[in-house]
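Asks: just the structure for this:
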Amino acid sequence: MIALFFILWIILNGRITLEIVLFGIVFAALMSLFTYKVLGYKRESDISFFRNFPLYLKYVGVLIIEIIKAAFSVMKIALSGSPAPDPIVIEFNSGLKTEAQNVLLANSITLTPGTYTLFQEGDHFVVHCLIREFAEGMEDSSFIRILKKMK
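Replies: You can find the predicted model right below:
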């Protein structure tokens, strides 16, 4: 955590001098102390983040690809002269253990064009899909598989 605060300090200052480095070390240590004492941040969170970092990168990559694919599908529906789409509302349980994973999944579903998370409580989801095809396999999506691998 101290290293991240220090790097942020250097980036925001835009140059490196002895004074900036010394103040940066002090401010990074104070900010780390603040996050540990007041915000309840734990060192295990840092370890978990770095252990899962490749999975985070994979998740972001899959999310970007799914957003692009869904955007083209929605664009095709919008630009074609076909009748209105056949929307559907589905319910499923993700099986994810932590609230953070479930919230990340809910936000990822909402970010993907053509789908919207209407309700999420624990691992229970209610999702609106623009067409039935978007609802297929939602309960066992690549998002959920990646999130289940994270510790």
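Asks: report the buried residues of stretch 33-45.
Replies: Thr35 (16 or more other C-beta atoms under 10 Å). Just so you know, the C-beta spots here come from the backbone N, C-alpha and C atoms, and that holds for glycine as well.
Asks: quick check: domain ranges of the protein?
Replies: In terms of domains, the chain is parsed into 2-37, 46-149 (source: automatic domain parsing).
Asks: any chance of a markdown table for the ones you listed, columns mean pLDDT?
Replies: Below are the domains of the chain laid out as a markdown table (pLDDT from 0 to 100):
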| stretch | mean pLDDT |
| --- | --- |
| domain 2-37 | 91 |
| domain 46-149 | 91 |
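Asks: most packed of the ones you listed?
Replies: Highest mean neighbour count of those: domain 46-149, a mean of 15 (counted as mean count of other C-beta atoms under 10 Å).
Asks: for that domain, measure first residue to last.
Replies: Counting by C-alpha to C-alpha, to the nearest Å, the length from the leading to the trailing residue of domain 46-149 is 17 Å.
Asks: just how off-centre is it within its chain?
Replies: Between the centre of domain 46-149 and the centre of its host chain there is 10 Å, according to C-alpha atoms, centre = their mean, to the nearest Å.
Asks: got it, and stretch 34-53?
Replies: Taking C-alpha atoms, centre = their mean, one finds the center of stretch 34-53 at 17 Å from the center of the full chain.
Asks: contacts for it next, please.
Replies: Contacts to stretch 34-53, defined as C-beta atoms under 8 Å, 6 or more residues apart in numbering, come from residues 1, 56, 150-151.
Asks: name only those of those residues that count as buried.
Replies: When burial is judged by neighbour count using 16+ other C-beta under 10 Å, the buried members of the contacts of stretch 34-53 are 1, 150.
Asks: how about the residue nearest the centre of the chain: what's its closest non-neighbour residue?
Replies: Nearest to the mean C-alpha position of the chain, counting by C-alpha atoms, centre = their mean, stands Leu104 at 4.5 Å. Leaving aside its chain neighbours, Leu104 sits nearest to Leu147 (6.8 Å; criterion: C-beta to C-beta, 6 or more residues apart in numbering).
Asks: any idea which helix or strand carries Trp9?
Replies: Take DSSP states H and E as the rule and Trp9 turns out to sit in helix 2-13.
Asks: next secondary structure element downstream of that helix?
Replies: Toward the C-terminus, helix 2-13 is succeeded by helix 18-37 as the next helix or strand (DSSP H and E).
Asks: great, nothing more from me.
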